[in-house]
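1. What would the 3D arrangement of this be:
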Amino acid sequence: MPDGLRANSKKPAVVAFAQILLYFAAVMNLVNGIYSFGNEEVLKKALAVAMIIFGAAAIWAATRLAHPAVSGRKTAIGLSWVLIALRLIEFAVWHNLGFLLGLILPLIVLWRLNSDEAKAWYGQN
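-> Below is the predicted model:
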């Protein structure tokens, strides 16, 4: 499908859902990073900075999902994997099962962005 037709078509609900979930995951990452930044340990402070940086990057990626560009989908998928990795590292550092709940949102984003409907809207098969 030509780019002009795809750009004029309505965004699928799957993409809108993934976009909203990515926003939530990014905000959760930002809040956890800001909350954890008060630690005095260097490893925990570095992890908090990484969470803040990648949370902001995920917000940027979520805004790019609104346009049917393949690069926006690939960026969102890559940042979802980074958010998952940060959650696993966060669990390993703080030993808190509550941090693992943050894995759910990026996993759902990955699942929805890899659906046939989302791939069709972004022009991938």
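2. Determine the next helix or strand in the C-terminal direction from the helix or strand of the chain at the bottom of the mean pLDDT ranking.
-> The weakest-scoring helix or strand in the chain, judged by mean pLDDT, DSSP states H and E, is helix 3-8 (a mean of 48). Going down the chain from helix 3-8, the next helix or strand is helix 13-36, by DSSP states H and E.
3. for Met64, phi and psi?
-> One thing to correct before we go on: residue 64 is Arg, not Met. In terms of degrees, to the nearest 10, the main-chain angles of Arg64 are phi -70, psi -20.
4. Tell me how many other residues surround it.
-> Around Arg64 there are 16 other residues, counting by other Cβ atoms under 10 Å. Any C-beta I mention is one placed from the backbone N, CA and C, and that applies to glycine too.
5. Around the closest residue to it other than its chain neighbours, count how many other residues there are.
-> Leaving aside its chain neighbours, Arg64 sits nearest to Gly72 (3.6 Å; criterion: Cβ to Cβ, 6 or more residues apart in numbering). As a burial measure, Gly72 scores 21 neighbours (other Cβ under 10 Å).
6. before we move on, what about Arg87?
-> Close neighbours of Arg87, defined as other Cβ under 10 Å, add up to 24.
7. which residues touch the helix or strand hosting it?
-> Using DSSP H and E, Arg87 maps to helix 70-94. The list of residues contacting helix 70-94 from outside it, by Cβ atoms under 8 Å, 6 or more residues apart in numbering, reads 18, 22, 25-26, 29, 32, 36, 43-44, 47, 50-51, 54-55, 57-58, 61-62, 64-66, 97, 99-100, 102-103, 105-107, 109-110, 113-114, 118-119, 122-124.
8. give me that answer again for 6 Å
-> 22, 25, 29, 47, 51, 54, 57-58, 61, 64-65, 99-100, 102-103, 106, 109-110, 113, 122 (Cβ atoms under 6 Å, 6 or more residues apart in numbering).
9. Contacts only, for the nearest residue to Leu83 once chain neighbours are set aside.
-> Among residues not flanking Leu83 along the chain, Pro106 sits closest, at 4.5 Å (Cβ to Cβ, 6+ apart). With contacts defined as Cβ under 6 Å, 6+ apart, Pro106 is in contact with Ala25, Ser80, Leu83, Ile84.
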